[in-house]
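Undergrad: how would this look folded up:
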Amino acid sequence: MSTASQPVILIIDDERNTREGLARALRGKYTVLLAEDATRALVLLDGPSPVDVVLTDLRMPGLDGMAFTRQVAARPNAPIIIMLTAYGTVQTAVEAMKVGAYDYLAKPVNLDNLEMLIQRGLESRRLRAENEELRRQLDHHYGFDGVIGNSRAMEPLFEQIRQVAPARSTVLLTGESGTGKELLAHVIHRLSPRAERPFIAVHCASLNPNLLESELFGHEKGAFTGAIDRQTGRFEKADGGTLFLDEIGEIDASTQIKLLRVLETRTFERVGGGTPIEVDVRVIAATNRDLKEQVATGRFREDLFYRFNVVAIHILPLRQRPEDIPLLLTHYLKLFAKENGKRLDGITPEALKLLMAYAWPGNVRELRNLVERMAVMARGSSLTLADVPAEVRAALAAPAPSPAPAASEVSVAAGAGDTLDLTLQEKNLIARALQECQGNRTLAAKRLGIGRRTLYRKIDEYHLENL
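TA: Numbering: from 1, shown residues only. Model prediction:
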């Protein structure tokens, strides 16, 4: 949007009375530029005042409104274009939208409808600019080597990764489930001298103790029932590279002893074998458990804990870095829109505010899955309040838990205050849209970014029939 104190509107009409009448109606709230034809309008568009909205006649001498719209809509940061014409047909309206017009009004112009359309267009343009900026940031890997985040809370994490990546020391990644520990392990590997060698991941919680031992160290033929051939273990496969052990807090006592030996001597034996095998492997471990507590209760070996805990990196949950939520939402929306062949331009401010207030107990993994679901089910070109799943609304509408928030969470909790009573917020939002659209439910639904059936259902639900 224009950096001027008022939005700039360019009016194009070959009839002097029409353009000057519109100018008188709009001046004061907007900065108004006038052009008698499309040629003069193109000169003004290239002038010093960035234009936010164009009101153009359809039938004009020379370059007509349709050709003008087609040309201007292709420009970077194009203004919102509203077509005005006395030749009002559905076919004309559809054609205007196809070539890039934001919307269409028939003459004589209803000033209230025009004002409403301008305001919606300006909001749409602002949203488009914000989403383009987010995409620009993401396209330039805003964050760190594919890790998305620009919050101040992430800066120490990025610095730790820079420092630890070139070393060969064991790294322990801690954090809640879904925070992206495996992604960070990949990043550390890619930035290390081992980047050209294998990165092997083992999810320890998914295997029973016998299978885990065989997966890690391999086995000889006949070592146990079903061992019909020799199997190479993950340590051997990762030789020269990196082995990522996820959820190490689930490893049983016997396997813990063998892991300790590998970390201390860099040698191991296959299950059922007696020949020591030497490997050069960097180990990155991860857990969502409190290993110190497990050491205290005897469930995890203290000496193994210190072997893993050479360099400890803690990954914050998403609720403690809410500034990163818009970047993540935009990234995954772009990804899943492309995967599903849909055009999704962004997220409306109301929907974004709702998602920013959500606590994301499943962290980035939950956000990714939720955005995929919303992208698949979206009914319009942007995600709106109506696209936010019911469980998110229910979680925000539920009473806050009684324990006081931690100091690091106070700012997030305070930011969520405006959305605790979501039912009242939604009711007020719908009521305001109906009032501003003078009861026109089709226009109100369009303004809210929801379908008419959804709006009718909400009107009945909130008893707004008289608006």
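
Undergrad: tell me the average confidence for the helix or strand hosting V364?
TA: For V364, the element it lies in under DSSP states H and E is helix 363-377. For helix 363-377, the mean per-residue pLDDT is 92.

Undergrad: before we move on, what about stretch 107-123?
TA: On average, stretch 107-123 scores 88.

Undergrad: try stretch 264-271
TA: When pLDDT is averaged over stretch 264-271, the result is 91.

Undergrad: Compute the first-to-last residue distance for it.
TA: 19 Å (C-alpha to C-alpha, to the nearest Å).

Undergrad: Next, the buried residues of that stretch.
TA: Buried positions in stretch 264-271, judged by neighbour count with 16 or more other C-beta atoms under 10 Å: F268, E269, R270, V271. (C-beta placed from N, C-alpha, C; glycine too.)

Undergrad: As TSV, the residues you listed with distance to K446 and secondary structure would be great.
TA: Formatted as TSV, the buried residues of stretch 264-271 follow (distance: C-beta to C-beta, whole Å; DSSP: H, G, I helix; E, B strand; the rest coil):
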residue	distance to K446	secondary structure
F268	66	strand
E269	70	coil
R270	67	coil
V271	66	strand
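
Undergrad: Just give me the closest of these to K29.
TA: Nearest to K29 among the buried residues of stretch 264-271: F268, at 75.6 Å, using C-beta to C-beta.

Undergrad: Do I have it right that T179 meets P361?
TA: No - using C-beta atoms under 8 Å, T179 is not in contact with P361; the gap is 11.2 Å.

Undergrad: which of these two has more neighbours?
TA: Counted by other C-beta atoms under 10 Å, T179 and P361 do not tie: T179 has more neighbours, with 24 against 13.

Undergrad: Contact partners for the more buried one?
TA: Neighbouring residues of T179 by C-beta atoms under 8 Å, 6 or more residues apart in numbering: I315, L316, P317, L318, N363, V364.

Undergrad: give me the number of residues near E461?
TA: The number of residues near E461, taken as other C-beta under 10 Å, comes to 12.

Undergrad: please begin residue numbering at 2 from this point
TA: Right, with 2 as the first residue, what we last looked at is E462.

Undergrad: how close does the most centrally placed residue in the chain sit to H204?
TA: With distances taken as C-alpha atoms, centre = their mean, the residue of the chain nearest its centroid is L330 (1.0 Å). Using C-beta to C-beta, to the nearest Å, L330 is found at 27 Å from H204.

Undergrad: same deal with L368?
TA: 21 Å.

Undergrad: These two: which is more packed in?
TA: Between L368 and H204, L368 has the larger neighbour count (other C-beta under 10 Å), namely 21 against 15.

Undergrad: Test my guess that that one contacts W361.
TA: Yes - contact criterion C-beta under 8 Å: L368 and W361 qualify, at 5.9 Å.
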